[in-house]
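Could you work out the structure for the sequence below:
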Amino acid sequence: MVARIGGLLLLVFFIFLGTSGNVEGSWLSGNRTSFNRLSAREYRSLFTIPATNKLTMKFDSATRTASYGDTIFLHVSTTHWDNVTNIYYSTPDTDIVTIRDTILTFKKFGTATIYAGQTKTAWKEASNAMQVVTVKKRKLILTAVNKTKIYGSDNPALEISYSGFVTGETPAVIDHLPTITTTADKTSPVGNYPITLGSDGFDDCYDLQTVNGTLAITRAPLTVNVDNKSKVYGDANPAFTYSTLSGIQNGDLITVNYTCLDVHNNPVDYKTAVGNYPIVPTLSSDPANIAGNYFLSGSTNGTLSIIPKAINVRAQSESKIYDGTTGAVKSPIVDPLVTGDVITTNPVQVFNSRNVGVGKTLTPSGLVINDGNNGNNYAVTYI
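The predicted structure is shown next:
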């Protein structure tokens, strides 16, 4: 009974096939097949699962170049129209690269071989693909940081700045940092000096490229406190001096000069009018230009005070015959004036009484001097 029912169902199925014309069979064998009038052997082969199809899988290129620290995405293609699935990647060179899913990260300089494979499926399998990746050293720029210092001071700490590190890395990963030096020292004069990075630095992962810097030495501050001075009109200037001089470096011998100018910016001299004038310190030039290593800062000027020249106008003793006046015949004697000054009006002297008598007092007066300062450069005493 069961055999009859099975035979009947098979007969119905064959009749259905015979009335259906051509049927799409690509889901089984990939070919269009006519089901009409097939032999028994052909019917059996129609329902047989085919052998796995071997496809060609390959990387975009056989070789690839990258730099240490780069991250790239792996990708393969196939000759079959369908997408390649179940792809895995591997490498024997795990000291050079790491693979996570389709992401390839480079750990160091060298060459690595990357393989792509496919997990075998029931329908098709791609052949393995291989790619050789050359990992170059990553460019790392090392720059000597520019520095400044004051003349006579110790050199500052020399430093290197870096550009190009892989994220998260610091100079601590460098196998051997280059030496950093400068030709300047504590006694070097003002100027610019090279900060040099040596050629002795190296690293397995970074290509070290160096850029030199500059150490600029600037002038040191020097403070001078100048002494006050005074003189009498007509005298030569006194020697100018200072009370303190601070800021000297390296035991340098510094000579301080001074300028003292009047209101017209002319040098104060013996003919300069009575008054107060600043004494300003300056640094002298010297063959070795030691003074060029300094500048004056916070210095205190001195003051030159010129006081009037004291002169006497003395009445001369004389006698005369009574004439009813106090006038005298002789002129008073005037002390010498400063060279260049002249008397424009001579003084006179008079008796204190017109009456006859002895022991009379003679009083001088009336001296006028042309000294360019209305006579104020003199302190006149009449005697």
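
how near is the nearest residue to Thr303 once chain neighbours are set aside to Tyr242?
By the measure of CB to CB, 6 or more residues apart in numbering, the closest residue to Thr303 outside its immediate chain neighbours is Asn228, 4.9 Å from it. (Each C-beta comes from the backbone N, C-alpha and C, glycine too.) Distance of Asn228 to Tyr242, given as CB to CB, to the nearest Å: 11 Å.

ditto for Ile279
Counting by CB to CB, the gap from Ile279 to Tyr242 is 9 Å.

Common neighbours of these two, please.
Common neighbours of Ile279 and Tyr242, counting by CB atoms under 8 Å, 6 or more residues apart in numbering, are 226-227, 302.

can you pull out the strands in the stretch 101-250 of the chain?
103-106, 110-118, 124-126, 129-136, 138-144, 147-150, 160-163, 180-182, 191-197, 206-211, 213-218, 220-226, 229-232, 242-246 (DSSP state E, counting those that start in this stretch).

which parts of the first one are buried?
What it means is strand 103-106. The neighbour-count check on strand 103-106 (16 or more other CB atoms under 10 Å) flags 104, 106 as buried.

do the same with the last one
Within strand 242-246, the residues that qualify as buried are Tyr242, counting by 16+ other CB under 10 Å.

Can you tell me which helices and strands the strand or helix carrying Gln349 packs against?
Assigned by DSSP states H and E, Gln349 falls within strand 348-351. Contacts defined by 3 or more CB pairs under 8 Å, 6 or more residues apart in numbering; DSSP states H and E place strand 348-351 against strand 362-365.

what's the strand it packs on in contact with?
Taking CB under 8 Å, 6+ apart as the rule, strand 362-365 contacts 313-318, 328, 332, 347-352, 382-383.

show me where pLDDT drops low in the stretch 51-200 of the chain?
Regions of the stretch 51-200 of the chain meeting the criterion pLDDT under 70 cover residues 51-56, 78-85, 120-126.

90 instead?
51-64, 71-88, 101-102, 107-109, 117-128 (pLDDT under 90).

Determine which residue lies closest to the centroid of the protein.
Nearest to the geometric centre of the chain sits Asn146, at 5.5 Å (CA atoms, centre = their mean).

Which residue, other than its chain neighbours, is closest to it?
Leaving aside its sequence neighbours, Asn146 sits nearest to Gly213 (CB to CB, 6+ apart; 4.7 Å).

One more: Ser353?
With sequence-adjacent residues excluded and distances taken as CB to CB, 6+ apart, Ser353 is closest to Lys360, at 6.1 Å.
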